[in-house]
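Chemist: kindly generate the corresponding structure for this input.
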Amino acid sequence: MKIKRFTAPDMRAAIRLVREEQGPDAVILSSNKVAGGVEIIAATDYDEALVQQAARVTGTGNNQAERPQRRQAPEQQAQAAQQPRTAIETAAPAQPREKPAKKIVWAQDPAIAKLQRDLNNLRYSIEGQLRSLNYDLQAATPEHTEALRTLTGLGLDVQVARTLVSSIERSTPAKQVRSQALVRLAQTLPVSLNDSILKGGHIALIGPTGVGKTTTIAKLAAYYAMSRSSRDIALVTTDHYRIGAQEQLFIYGRMLGVPVHALQPRQSLSELLEKLSDYHLVLIDTAGMSPRDPRLSEQLAALNLGDNIKNYLVMPASGQAQDLEEMAARFSDVPLSGCILTKLDETTRLGGAMSVAIRRKLNIDYLCDGQRVPEDLHRCKPNELVVRAMRAAGGDLPPRPSEQARGPDQAQSAPHHNQNPSETHHAYV
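Modeler: Next up is the predicted model:
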């Protein structure tokens, strides 16, 4: 039997020391108040039979021998012989037994308890995400779930991605589910079939400040001048609010050899367009305003001239999906003929802008991915936009059907006659 003395500020702390030092099978022999706290004497490998035998031997002795022994013994030993013993976990058996293995209670370790809480929180988070992704896909195959994850990885709205994946038949071969999801996305994207700029007319670019309307006007004018003639173009600016806005457009006009007209504060837009009726294409650069700006209603009312003006919303692909949705909702107070996506080179998630176009059924006419005029202006082709979204997000493009048929080894060794990245997508998107 091993006996040890413990001191602590209070009884709870003392019992904790006994538990940590001697384990849950330790027995408290005595407890006493001392200066600064309490004192506990505890023992392990406790044998009750030996203690009772020692007590009987002490009791059969004469009074002469007994008194000196009692005077020499500490006060706590006398108390231990009279008071009942208390076990921490379970009472000690009457018969001798082997020393049990020390019990480890993991829940008492603060680090383990914190790790368990973190794992529970992570589990709840993952379960919530899976429920949001698979709400309508309870019977979906793992391939359908992976296709859904691919679309949402592009930044596509969950509801839009779920609708696209739900349209894929469950009998579709596993290797084709992901590529079919990208095909559905390309087929769903609203894109104008005609080159709107070359058709001419009065075209106004609208949108908030900083989305690139003025630069896009210059790109469109240069694109038309290269395809047709700069003599048939006129530029109009209605921006009276931003300092230097008109000067920027005048600089572009001088570079392109195109006349630029500034709308005067008291002049109506329809009156100015009447004077420019001889031009085949008139591009109108409007003032950038926040969707919450109270002056926006006045500007949109001036642009609401029916068929005389085609309004195109300029949306930055780098914007947040919610901001783009609010932008499209606010500027749709005027009839929108389509939209132009800018700043494609400044984001890795193109799905937000694509989701807005799909939900609003807003044709995407042109894409802008830089400041060069007009090299960084492109006609929007749905297949190429999907491929671009995959590459921007860092996703791997699915193999072409011909490569799936040949197998991975033969696909790698097959010659690639078409090295143009913009043309290789037609096989799988």
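
Chemist: how many neighbours does the nearest residue to Arg360 once chain neighbours are set aside have?
Modeler: Distance criterion CB to CB, 6 or more residues apart in numbering; nearest residue to Arg360, sequence neighbours excluded, is Ala328 at 5.2 Å. Every C-beta, even on glycine, is put in place using the N, C-alpha and C of the backbone. Other residues near Ala328 number 21, with proximity taken as other CB atoms under 10 Å.

Chemist: my guess is Ala328 contacts Ala353. True?
Modeler: No: the pair Ala328 / Ala353 is not scored as a contact, 9.6 Å apart, by CB atoms under 8 Å.

Chemist: what sits in contact with each of those two?
Modeler: Common neighbours of Ala328 and Ala353, using CB atoms under 8 Å, 6 or more residues apart in numbering, are Met315.

Chemist: hmm, back to that, can I assume the residue nearest to Arg360 sits in a helix?
Modeler: Yes: according to DSSP: H, G, I helix; E, B strand; the rest coil, Ala328 belongs to a helix.

Chemist: do you know how far Asp10 is from Gly36?
Modeler: Computed with CB to CB, to the nearest Å, the distance linking Asp10 and Gly36 is 10 Å.

Chemist: scratch that, Glu146 is what I was asking about
Modeler: Counting by CB to CB - Glu146 and Gly36 are separated by 66 Å.

Chemist: gap between the residue lying closest to Pro9 once chain neighbours are set aside and Ala43?
Modeler: Spatial nearest neighbour of Pro9, chain neighbours left out: Gly37 (4.3 Å); criterion: CB to CB, 6+ apart. Using CB to CB, Gly37 is found at 20 Å from Ala43.

Chemist: for Thr237, same thing?
Modeler: Thr237 is 95 Å from Ala43, where distance means CB to CB.

Chemist: higher neighbour count, those two?
Modeler: Per other CB under 10 Å, whichever of Thr237 and Ala43 has more neighbours is Thr237, with 23 against 20.

Chemist: got the confidence number for that one?
Modeler: We have a pLDDT of 88 for Thr237.

Chemist: quick one on the thing from earlier: mind listing what the residue nearest to Arg360 touches?
Modeler: Listed by CB under 8 Å, 6+ apart, the contact partners of Ala328 are 313, 315, 339, 356, 360, 362.

Chemist: for the fifth one, grab phi and psi.
Modeler: To tie it back to what came earlier, the one meant is Arg360. Torsion angles at Arg360 (phi, psi; degrees, to the nearest 10) stand at phi -90, psi -10.

Chemist: that one against Met327, yeah?
Modeler: No: using CB under 8 Å, Arg360 is not in contact with Met327; the gap is 10.4 Å.

Chemist: if you count what's nearby, which of those two comes out ahead?
Modeler: In this view Arg360 and Met327 are compared by other CB under 10 Å, and Met327 has more residues nearby, 23 against 17.

Chemist: ok, that one touching Pro208?
Modeler: Yes: with contact defined as CB under 8 Å, Met327 reaches Pro208; the gap is 6.3 Å.

Chemist: all helices of the stretch 151-300 of the chain, in order?
Modeler: Along the stretch 151-300 of the chain, counting by DSSP state H, counting those that start in this stretch, helices occupy 158-166, 174-188, 196-199, 213-227, 245-256, 269-275, 296-303.

Chemist: packing partners of the third one?
Modeler: Packed against helix 196-199, as judged by 3 or more CB pairs under 8 Å, 6 or more residues apart in numbering; DSSP states H and E, are the following elements: helix 213-227.

Chemist: buried residues in the helix it packs on?
Modeler: Using 16 or more other CB atoms under 10 Å as the test for burial, helix 213-227 gives 213-225.

Chemist: which one of these is nearest to Leu164?
Modeler: Leu164 lies nearest to Thr216 out of those, by CB to CB, at 29.1 Å.

Chemist: distance check, that closest one against Ile41.
Modeler: Note on Thr216: its distance to Ile41, by CB to CB, is 87 Å.

Chemist: what do you get for Asp345?
Modeler: 78 Å.

Chemist: the two: who's more crowded?
Modeler: Per other CB under 10 Å, whichever of Asp345 and Ile41 has more neighbours is Ile41, with 20 against 13.

Chemist: can you tell me the closest non-neighbouring residue to Lys361?
Modeler: Nearest to Lys361 is Pro190, by CB to CB, 6+ apart, at 5.5 Å.

Chemist: for the one you found, list the residues it contacts.
Modeler: Pro190 makes contact with 357-358, 361-364, according to CB under 8 Å, 6+ apart.
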